[in-house]
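S.K.: please find the sequence and the predicted model below.
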Amino acid sequence: MPKKRFKVIACEILFREVCLCAALSRQIVDLQFMPKGLHDIGEQKMADRLQSEIDRTDPARYDAILLVYGLCNNGIRGLSASIPLVIPRAHDCITLLLGSRETYRSYFDAKPGTYFKSPGWIERDAKGDGENVSIATQLGIDRTYAEYVAQYGEENAAYLVEQLGNWLRNYRRLAYIDTGTGDPEGDRLATAEQAREKAWDFDALQGDLALIRRLIDGDWDARDFLVVPPKKKIAPSFDECVVTWVDETA
């Protein structure tokens, strides 16, 4: 069977995982990674940046464009292409890192209030460029009490941590997802230390790259993937399917 050529557009948070799956794929894939900060600039700006990358893709060169994204707070709403556009049925990248909606839902139901870390979230969760400040930076999740003391002094640090507690009250646990890439032991220990600093619980989870593998391999069953026909637009489905497509004029 002839190989197909795919343009893969992915969040840089998944850089290691996507590169691994691309290396193992039987298809021909070209990778384009987008800044992690897109998640933090709002739905419309994120969609505009992704649409711009889609529009730069030569439709004569590729059989399909693959989006390694979840719904991501509707940041992929309205995207369309002149060739098939394929996206996993996932609310966010945690589903992609854990391998299925069911695994994510089961963990979330059992342990709400969890903030997840992965190799990409640890390596690429930068402080921001002044415009695109990361959610973790906004919440103070990427900083320890000792770092606040070093920068602001002990009295001010205590005040800042107290105020951040209002933001962080919905979180009680840090969970590290081991995807078999990078430095799993070092990342696990660093995440556990962050949890200890915040007096949160800690979990270490085994990741599963099955969804990313199947996406890049072209194994798109309708249950786990949405194939958007040319000139149609991605839309949230507000049900267990997560995403659907609509007419471009809708």
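M.R.: Right, received. Where do you want to start?
S.K.: please make it C-alpha for all contacts and neighbour counts, starting now.
M.R.: Will do.
S.K.: show me the helices in this protein, by range?
M.R.: Here the chain has its helices, by DSSP state H, at 15-24, 43-55, 93-98, 101-110, 119-124, 135-139, 145-152, 154-168, 184-198, 210-217.
S.K.: closest one to P84 among those helices?
M.R.: Checking those against P84 by CA to CA gives helix 43-55 as the closest, at 11.1 Å.
S.K.: mind listing what's buried along the closest one?
M.R.: Residues of helix 43-55 classed as buried: E43, M46, A47, D48, R49, L50, Q51, I54 (neighbour count, 16 or more other CA atoms under 10 Å).
S.K.: would you map out the domains in this protein?
M.R.: Taking automatic domain parsing as the domain assignment, the ranges for the chain are 5-94+209-247, 102-206.
S.K.: just these: most buried one?
M.R.: domain 5-94+209-247 (a mean of 19; mean count of other CA atoms under 10 Å).
S.K.: that older thread, going by mean pLDDT, which of the helices of the chain comes out lowest?
M.R.: Mean pLDDT is lowest for helix 135-139 among the helices of the chain, at a mean of 50.
S.K.: which of the buried residues of helix 43-55 lies closest to A10?
M.R.: Using CA to CA, L50 comes nearest to A10 of the buried residues of helix 43-55, at 9.5 Å.
S.K.: quick one, what contacts the most centrally placed residue in the chain?
M.R.: What sits nearest the mean C-alpha location of the chain, by CA atoms, centre = their mean, is C93, with 3.2 Å. C93 sits next to Y69, G70, C72 when contact means CA atoms under 8 Å, 6 or more residues apart in numbering.
S.K.: can I get those residues in CSV with pLDDT and distance to A60?
M.R.: CSV is the format used below for these (pLDDT from 0 to 100; distance: CA to CA, whole Å):
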residue, pLDDT, distance to A60
Y69, 96, 23
G70, 93, 26
C72, 88, 29
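S.K.: tell me the one of those residues nearest S106?
M.R.: Distances from S106 to the contacts of C93, taken as CA to CA, are shortest for G70 (17.7 Å).
S.K.: would you mind measuring from the residue nearest to the closest one when sequence neighbours are not counted to Y62?
M.R.: Here the nearest residue to G70 in space, its sequence neighbours aside, is D92; by CA to CA, 6 or more residues apart in numbering that works out to 4.1 Å. D92 sits 26 Å away from Y62, going by CA to CA, to the nearest Å.
S.K.: looking at the contacts of C93, spot the one nearest D239.
M.R.: For the contacts of C93, the residue nearest D239 by CA to CA is G70; the value is 14.2 Å.
S.K.: how much space between that closest one and I212?
M.R.: As judged by CA to CA, G70 and I212 stand 11 Å apart.
S.K.: mutual contacts of those two, please.
M.R.: Residues touching both G70 and I212 (CA under 8 Å, 6+ apart): L96.
S.K.: list the contacts for I87?
M.R.: Going by CA under 8 Å, 6+ apart, I87 touches L66, L67, V68, Y69, G70, L215, F225, L226, V227.
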